[in-house]
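[1] Please find the sequence and the predicted model below.
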Amino acid sequence: MQRVVGQGLRRTIPISEIFYSIQGEGINAGVPAVFLRTFLCNLTCGWCDTKYTWQDQDNAIEGINYDSLTQEEIITEIKRYNSKHLVVTGGEPLIHQTELSPILEALKADSFFIEVETNASITPSPNLLKLIDQFNASPKISNSGVFVGSRLRSNSLRALALSGKTWFKFVICNQGDLEELDEVINMFDLPRDRIILMPEGTDPETLKQRSRWIVDICKKKGFRFSPRLQITLFGDKRRT
Ligand code: SF4
């Protein structure tokens, strides 16, 4: 049965922003895409560049820190743009996966390609695993400053790996991260042909310096490299 938008799509989700740009990271870097950025995160990474999606989230005020939009309003806003490529990001969007599912079903029925960016600590529902075209999972290592039990969860990592739809993108700060990276890949049996290394950095110069040696590591180990085009092209700004 075809879902009719406007009927039964009235549940709300806290949203940080919806905007149109190009995908800045991962295997689709450069592709024009609509971004749906949800509010709230279950982690607190020290170098997070979207802290506005979670900092002081218990005291957040609607209309200032986030907008509370209905599922129907979110679909309408996404469809305003000249793209059928959607990136769902956060914060951690899987916190809202129950409410997001009907939205993503409606957009899939309208031929959207959908990528979901997740920190890989929450297991996607079977429905979401079926629905989504691509997961960009970014498991956090100790450079995030987050307690290991919160950031690395075997159930969610296993579900994402088994889906065959997931790329695992690791944020790298220094050479010391590489040993830990290997341990995580081995411990959770992550597919080595789907590993992406991305430099941490919120200014073009830091990214450039780190990119040079990270590219060498990628060449040696057969991993992919990811740029951060939103930083190199636009600087550390929102809605880019
Ligand atoms: S998981 Fe992502 S959004 Fe959440 S704190 Fe870490 S970097 Fe930020």
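    Alright, I've got the coordinates.
[2] okay, CA-based contacts and neighbour counts for the rest of this
    Noted.
[3] Quick one: distance of stretch 60-71 to the chain centre.
    20 Å (CA atoms, centre = their mean, to the nearest Å).
[4] With stretch 72-84 instead?
    A distance of 19 Å separates the centroid of the chain from that of stretch 72-84, by CA atoms, centre = their mean.
[5] Buried ones in that stretch, by neighbour count?
    72, 73, 74, 75, 78, 79, 83, 84 (16 or more other CA atoms under 10 Å).
[6] List of residues touching it?
    With contact meaning CA atoms under 8 Å, 6 or more residues apart in numbering, stretch 72-84 is reached by 5-6, 9-10, 18, 20, 32-34, 36, 103, 106-107, 111-113.
[7] Would you check that residue 40 makes contact with residue 51?
    No - look at residue 40 against residue 51 with CA atoms under 8 Å: they stay out of range, at 9.4 Å.
[8] The contacts of stretch 72-84 in strands, which ones?
    18, 20, 32, 33, 34, 36, 113 (DSSP state E).
[9] what residues are up against the fourth one?
    Residue 33 makes contact with 20, 21, 22, 23, 83, 84, 85, 86, 87 under the criterion CA under 8 Å, 6+ apart.
[10] Please apply the same query to residue 124.
    Residues near residue 124 by CA under 8 Å, 6+ apart: 94, 97, 156, 159, 160.
[11] any idea what sits nearest the third one, other than its immediate chain neighbours?
    Spelled out, that is residue 156. Once flanking residues are discounted, residue 156 sits nearest to residue 123: 4.1 Å by CA to CA, 6 or more residues apart in numbering.
[12] Verify the stated contact: that neighbour with residue 163.
    No - at 11.4 Å, residue 123 does not count as touching residue 163 under the criterion of CA under 8 Å.
[13] Could you check which of the two is surrounded by more residues?
    residue 123 (20 against 13; other CA atoms under 10 Å).
[14] would the more buried one count as being in a strand?
    No - read with DSSP: H, G, I helix; E, B strand; the rest coil, residue 123 is coil and lies in no strand.
[15] Would you mind listing the buried residues in stretch 219-227?
    Within stretch 219-227, the residues scored as buried using 16+ other CA under 10 Å are 223, 224, 225, 226, 227.
[16] What of stretch 171-184?
    Using 16+ other CA under 10 Å as the test for burial, stretch 171-184 gives 171, 172, 173, 178, 181, 184.
[17] what two of those residues have the greatest distance between them?
    Greatest spatial distance among these (CA to CA): 173 and 184, at 15.9 Å.
[18] In three-state terms, label residue 129 for me.
    Under the three-state scheme (three-state DSSP), residue 129 adopts helix.
[19] how much space between the nearest residue to it once chain neighbours are set aside and the ligand?
    Excluding the flanking residues, the one nearest residue 129 by CA to CA, 6+ apart is residue 163, at 6.7 Å. Residue 163 sits 21 Å away from the ligand, going by CA to the nearest ligand atom, to the nearest Å.
[20] Need the per-residue pLDDT for residue 163.
    We note a pLDDT of 97 for residue 163 in this prediction.
[21] Low-confidence bits of the protein, can you list those?
    1-7 (pLDDT under 70).
[22] Alongside the ligand, which residues does it contribute?
    When proximity is defined by CA under 6 Å from any ligand atom, the chain lies next to the ligand at 41, 43, 44, 45, 48, 50, 51, 90, 91, 92, 119.
[23] Farthest pair within those?
    Distance extremes for those: the farthest pair is 51 and 119 at 14.1 Å, using CA to CA.
[24] Of the two, which one has the most company?
    A direct count of neighbours by other CA under 10 Å for residue 51 and residue 119 places residue 119 higher, at 26 against 18.
[25] Burial check on the closest residue to residue 17 other than its chain neighbours, number of neighbours?
    Excluding its sequence neighbours, the residue lying closest to residue 17 (CA to CA, 6+ apart) is residue 37, at 5.3 Å. Residues near residue 37, counting by other CA under 10 Å, number 23.
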